[in-house]
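In: Provided below are the primary sequence and the corresponding predicted coordinates.
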Amino acid sequence: MRVLEVDHPLVAHKLTVLRDKTTPSPVFRQLTEELVTLLAYEATRDVRTEPVEIETPVTRTVGTAFTKPTPLVVPILRAGLGMLEGMTKLVPTAEVGFLGMARNEETLEAITYAERLPADLTGRQVFVLDPMLATGGTLREAVKFLFRRGAADVTCICLLAAPEGLKVLEEELAGTNVTIVVASIDEKLDEKAYIVPGLGDAGDRLYGVAG
Ligand SMILES: O=P(O)(O)OC[C@H]1O[C@H](OP(=O)(O)OP(=O)(O)O)[C@H](O)[C@@H]1O
Ligand SMILES: O=c1cc[nH]c(=O)[nH]1
Ligand SMILES: [Mg+2]
């Protein structure tokens, strides 16, 4: 497993506004999209491509195209949905599948309540979108599920990660082809397993408090 913390002033600035508790939902949604586009630029560095011959107005030349099947993007509902637009802007030909997962706030166990993915992911490159990597339980289950379906490699794009959650993933996903791309590795988790300093509940800040 590889972890890449993206160090860029634009990322740091947008993240600061995102963390601010006075930032309202519409701005939060816009900034999430913008941050994902910046992170996706780094996260897609190893996307599979092949040479393609094209004709410019001047001459024939060889360019670059995505290898088929194109990457599969998997936002983890709810909060990951806020990252989808930012990703598909950059990779418009990607296919999109969905995983609905929620962390039980008492047991901290992640449950899967929805799944809409191709049955066979053999050899596929998958990009998982989830803004928060806290205890790591949600991403651990999501990534294991994708490998069981045959995925070749999985890149997770997150806004924030806690060191505790990264440690869990390092241990449980050791030796697998997983990359975590994150805007910031924060300090720690608090007693409710929220990321500190964090940004609060990403799903609630994007979409309002869930019933
Ligand atoms: O690393 P973990 O400890 O598993 O926590 C991280 C998960 O918690 C949040 O989702 P949540 O369960 O709040 O669902 P939501 O997106 O519907 O708000 C977040 O979006 C992650 O999916
Ligand atoms: O800080 C956290 C932890 C889990 N989920 C969130 O949305 N925020
Ligand atoms: Mg939530």
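Out: Now that the structure is in, tell me what you want to look at. Ligands and ions are numbered 1, 2, ... in the order given.

In: Strands of the protein, start to end?
Out: Counting by DSSP state E, one finds strands in the chain at the ranges 2-5, 49-55, 60-66, 72-77, 95-96, 98-103, 110-116, 125-129, 132-133, 153-161, 178-185, 188-189, 195-196.

In: any chance of the ones you listed in TSV, plus distance to Lys144?
Out: (Glycine included, C-beta is placed from N, CA and C.) As requested, the strands of the chain are exported to TSV (distance: least, C-beta to C-beta, whole Å):
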stretch	distance to Lys144
strand 2-5	17
strand 49-55	28
strand 60-66	26
strand 72-77	13
strand 95-96	20
strand 98-103	12
strand 110-116	11
strand 125-129	12
strand 132-133	15
strand 153-161	10
strand 178-185	10
strand 188-189	21
strand 195-196	22
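
In: Using TSV, lay out these together with mean neighbour count, mean pLDDT and distance to Val143.
Out: Below are those laid out as TSV (neighbours: other C-beta atoms under 10 Å; pLDDT from 0 to 100; distance: least, C-beta to C-beta, whole Å):
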stretch	mean neighbour count	mean pLDDT	distance to Val143
strand 2-5	14	98	13
strand 49-55	10	98	24
strand 60-66	11	97	22
strand 72-77	23	98	10
strand 95-96	16	98	17
strand 98-103	18	97	10
strand 110-116	13	97	11
strand 125-129	25	98	7
strand 132-133	26	98	11
strand 153-161	25	98	5
strand 178-185	22	98	6
strand 188-189	15	98	20
strand 195-196	19	98	19
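
In: wait, which of the ones you listed is closest to Glu170?
Out: For these, proximity to Glu170 was assessed by C-beta to C-beta; strand 2-5 is nearest, at 8.1 Å.
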